[in-house]
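K.L.:
need the 3D shape of this:
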Amino acid sequence: MSASTESWWLDWSVDTGACRVRLGCSEASAHAPQNEAHNDGTLACLISDPPCPLWLSLSENGLVTIIQPGHLPASVARPPFFTQEEWRDHVELFRDLARQPTQLALRNKLVEHRKELPCPLRVHVFESGRHPVVYEWDCEGLHERVGARPQAVGRNESRLELALTGRNCRLTDHQTGQCMDVAVTAEATPLQGDSPPSHVPEISFDVRALFREKAPAIYRRIPGWIWRSLEKLVRQEVINSGLHAMAPVSCRNFPEAVLKEISAQARAPVSPLVPASERPVFVCNHPQGGLDGLVMLSWLLRWYPEVKVPVNDVLCGFRHLRPFLAPLDRYRSSRDMRAVLHETFASGAAVLVFPAGRTARMHQGRLRDAPWGKMAVRMALHHQRPVVPVYLGTRNSRGFYLLARLRRMVRVDLNLEMLLLAREMLQTAPREAGFVPGSPFTPGSLREMADDDQVCAAGLQTYCETLRLEDPAARER
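P.N.:
Reported below is the predicted structural model:
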């Protein structure tokens, strides 16, 4: 891959356990790297001077950061420019960015200080064995590209070459023959779900096996031809082939990969709503089903090192999701379920809960959640966590809600429309999910709302429904 600016070009390649970056320059502002060694093991280098400076750092954590102040995308007419005074004003901020131990920490630092960043700015982040990440600050927003392919420029001769392999970072200046090494001494702390599942079977989603285990009485009464029709209805073969094709994808990147595959995206905020240190609990409405979980997981995993979702244990069949699930077996004792919940809420992970417990249904022409349960409120209060309501603006097709209405009319208790949820999520039309976060509720403000946990949960649900008014797509419906 390669990327170019007015004066510098970059090429890089990432293999298992190794990363190589090549840099070339056509401007006279380039010079031999000027080293700045720091006590924390970071080696920072100024490679070219303003107006087109380039700042490169190698960290003992195995993180390589290349900062290009003054870079502008090709779509912006103003030429790159960065004065000596601007450089001096921001050099401490660049040093702070270079000292961050992980990509996630660096992203959070960029968001925290985005109002102080020089404009414009591009930051390349390389880490051994991982896709490079490019951040661009264009004076209006911070944009992130993970593993994106920049425009190829086909350069051959490089001025600098950087190799990040195993426990060592080496920067080589081909013009002077100078080499600089930084030993990777800090033990890398793997993020939750940072690797793919050890094994993804060819059949991860099996409707027959699910009924055989969870509802054996119903399973024995259904003839084989109905099972075959049911498997086609829920698109079992499509789901299993897709899961098997995504076997090499890391668990952490899986939600984003699925959303991209089904042409769905969310208008999510570009910053964490509550710091990870406060261990927030996110409570959301549940309008669509699986898409809601993927949208929230995709966003949460961008900002929080660890995320947990209390869910029905049948979802553990999806191997990529296992690291993030707190499985609840509703056929076991309530004591066992409480133990799982207390362990989840006592941890340092951000927790995601859909308090309605099932997808929303049409009621008097409006899509409404079932009454929210009190579990999230009770656990948040017990473990002293803030609660953040989030409104999600997704929905299913008219056929889904029509089937639900017909089932109620003929008084069938079995939740037949749930069998359509997988089909609903795999609709091919591009979709943009609304995402409206609300204000955090501290444990104290929850208790001010009501002394009773169920009343408090109802208050959070009402507040979440008012967030709908801030979703442009919802106002149009």
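K.L.:
CA atoms for contacts and neighbours, from now on please.
P.N.:
Fine.
K.L.:
got the buried residues for stretch 352-372?
P.N.:
For stretch 352-372, burial by neighbour count (16 or more other Cα atoms under 10 Å) applies to 352-362, 368-372.
K.L.:
so which of those residues are in strands?
P.N.:
Under the assignment DSSP state E, the buried residues of stretch 352-372 contribute 352, 353, 361, 362, 368 to strands.
K.L.:
show me what contacts the second one?
P.N.:
It refers to residue 353. Going by Cα atoms under 8 Å, 6 or more residues apart in numbering, residue 353 touches 281, 282, 283, 284, 309, 310, 376.
K.L.:
beta partners for it?
P.N.:
Following DSSP bridges, residue 353 is listed with bridge partners residue 283.
K.L.:
returning to that earlier point: and which of the contacts of residue 353 is nearest residue 471?
P.N.:
residue 284 (14.3 Å; Cα to Cα).
K.L.:
how near is residue 302 to residue 195?
P.N.:
Distance of residue 302 to residue 195, given as Cα to Cα, to the nearest Å: 15 Å.
K.L.:
name the residues of the helix or strand hosting residue 229 that come out as buried.
P.N.:
Taking DSSP states H and E as the definition, residue 229 sits inside helix 224-233. Across helix 224-233, burial judged by 16+ other Cα under 10 Å covers 230, 231.
K.L.:
output the contacting helices and strands for that helix.
P.N.:
helix 207-214 (3 or more Cα pairs under 8 Å, 6 or more residues apart in numbering; DSSP states H and E).
K.L.:
now for the contacts of residue 353, which pair is the farthest apart?
P.N.:
So for the contacts of residue 353, where distance means Cα to Cα, the most widely separated pair is 284 and 310, at 12.9 Å.
K.L.:
run the chain-centre distance for stretch 220-229.
P.N.:
On the basis of Cα atoms, centre = their mean, to the nearest Å, stretch 220-229 is displaced by 39 Å from the centre of the chain it belongs to.
K.L.:
redo the ones in strands among the buried residues of stretch 352-372 as CSV? Include pLDDT and distance to residue 293.
P.N.:
Formatted as CSV, those follow (pLDDT from 0 to 100; distance: Cα to Cα, whole Å):
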residue, pLDDT, distance to residue 293
352, 97, 9
353, 97, 9
361, 84, 17
362, 82, 20
368, 88, 17
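K.L.:
which one of those residues is nearest to residue 230?
P.N.:
Closest to residue 230, out of all of these and judged by Cα to Cα, is residue 361, at 22.1 Å.
K.L.:
tell me the contacts of the closest residue to residue 171 other than its chain neighbours?
P.N.:
Distances taken as Cα to Cα, 6 or more residues apart in numbering put residue 162 closest to residue 171, at 4.4 Å, once the chain neighbours are dropped. Contacts for residue 162 (Cα under 8 Å, 6+ apart) come out as 20, 21, 22, 169, 170, 171, 172.
K.L.:
let's see it at 10 Å
P.N.:
By Cα atoms under 10 Å, 6 or more residues apart in numbering, residue 162 lies in contact with 12, 19-23, 58, 64, 169-173, 179-181.
K.L.:
what strands line up against whichever strand or helix holds it, and which way round?
P.N.:
Here residue 162 sits within strand 160-165, counting by DSSP H and E. Applying DSSP bridges to the sheet, strand 160-165 is found paired with strand 18-25 (antiparallel), strand 168-173 (antiparallel).
K.L.:
of all those strands, which lies closest to residue 135?
P.N.:
Nearest to residue 135 among these is strand 18-25 (16.8 Å), distances taken as Cα to Cα.
K.L.:
rounded mean pLDDT for that closest one, please.
P.N.:
Strand 18-25 comes out with an average pLDDT of 69.
K.L.:
again, but for stretch 295-311
P.N.:
90.
K.L.:
ends of it, what's the gap?
P.N.:
Stretch 295-311: ends 16 Å apart by Cα to Cα.
K.L.:
quick one: distance of it to the chain centre.
P.N.:
Centre to centre, stretch against its chain (Cα atoms, centre = their mean), the figure for stretch 295-311 is 7 Å.
K.L.:
and stretch 328-343, by the same measure?
P.N.:
Centre to centre, stretch against its chain (Cα atoms, centre = their mean), the figure for stretch 328-343 is 27 Å.
K.L.:
also stretch 219-233?
P.N.:
For stretch 219-233, the distance to the chain centre is 36 Å (Cα atoms, centre = their mean).
K.L.:
check stretch 391-399 too.
P.N.:
21 Å.
K.L.:
buried ones in it, by neighbour count?
P.N.:
In stretch 391-399, counting by 16+ other Cα under 10 Å, buried: 391, 392, 393, 394, 395, 396.
K.L.:
over to stretch 305-314?
P.N.:
For stretch 305-314, the neighbour count (16+ other Cα under 10 Å) marks 305, 306, 307, 308, 309, 310, 311 as buried.
K.L.:
between the two ends of that stretch, how far is it?
P.N.:
By Cα to Cα, the extent of stretch 305-314 from end to end equals 25 Å.
K.L.:
which one is residue 471 nearest to, not counting chain neighbours?
P.N.:
Closest to residue 471 by Cα to Cα, 6+ apart is residue 434, at 6.0 Å.
K.L.:
make that residue 375, sorry
P.N.:
Nearest to residue 375 is residue 355, by Cα to Cα, 6+ apart, at 7.4 Å.
K.L.:
give me the pLDDT for that neighbour.
P.N.:
96.
K.L.:
distance of it relative to residue 237?
P.N.:
Relative to residue 237, and taking Cα to Cα, residue 355 is found at 31 Å.
K.L.:
what sits against the closest residue to residue 437 other than its chain neighbours?
P.N.:
Nearest non-adjacent residue to residue 437, counting by Cα to Cα, 6+ apart: residue 390, 4.4 Å away. Listed by Cα under 10 Å, 6+ apart, the contact set of residue 390 reads 282-285, 296, 434-440, 460-461, 463-465, 467-468.
K.L.:
restricted to buried residues, select the residues you listed in PyMOL.
P.N.:
Buried members of these, defined by 16+ other Cα under 10 Å, are picked up in PyMOL with:
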select buried, resi 282+283+284+285+296+434+435+436+437+438+440+460+461+463+464+465+467+468
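K.L.:
the helix or strand harbouring residue 388: how far from the chain's middle?
P.N.:
Per DSSP H and E, residue 388 falls inside strand 387-393. Distance of strand 387-393 from the chain centroid (Cα atoms, centre = their mean) equals 16 Å.
K.L.:
how about stretch 323-342?
P.N.:
Mean-position distance between stretch 323-342 and its chain equals 25 Å (Cα atoms, centre = their mean).
K.L.:
ditto for stretch 454-465
P.N.:
Remark: stretch 454-465 is offset 27 Å from the chain centroid, using Cα atoms, centre = their mean.
K.L.:
name the residues that touch that stretch?
P.N.:
283-285, 355-356, 368-378, 387-392, 436-439, 441, 446-450, 453, 466.
K.L.:
for that stretch, give the mean pLDDT please.
P.N.:
The model assigns stretch 454-465 a mean pLDDT of 95.
K.L.:
and it, C-alpha only, in CSV?
P.N.:
The C-alpha atoms that make up stretch 454-465 are tabulated as CSV, following Å, rounded to 0.1, in the frame of the first residue of the first chain:
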residue,chain,number,x,y,z
GLN,A,454,-39.0,-1.1,37.9
VAL,A,455,-40.3,2.4,38.0
CYS,A,456,-36.8,3.7,37.3
ALA,A,457,-36.5,1.3,34.3
ALA,A,458,-39.8,2.7,33.0
GLY,A,459,-38.5,6.2,33.4
LEU,A,460,-35.3,5.3,31.4
GLN,A,461,-37.5,3.8,28.7
THR,A,462,-39.6,6.9,28.4
TYR,A,463,-36.5,9.0,28.2
CYS,A,464,-35.1,6.8,25.5
GLU,A,465,-38.2,7.1,23.5
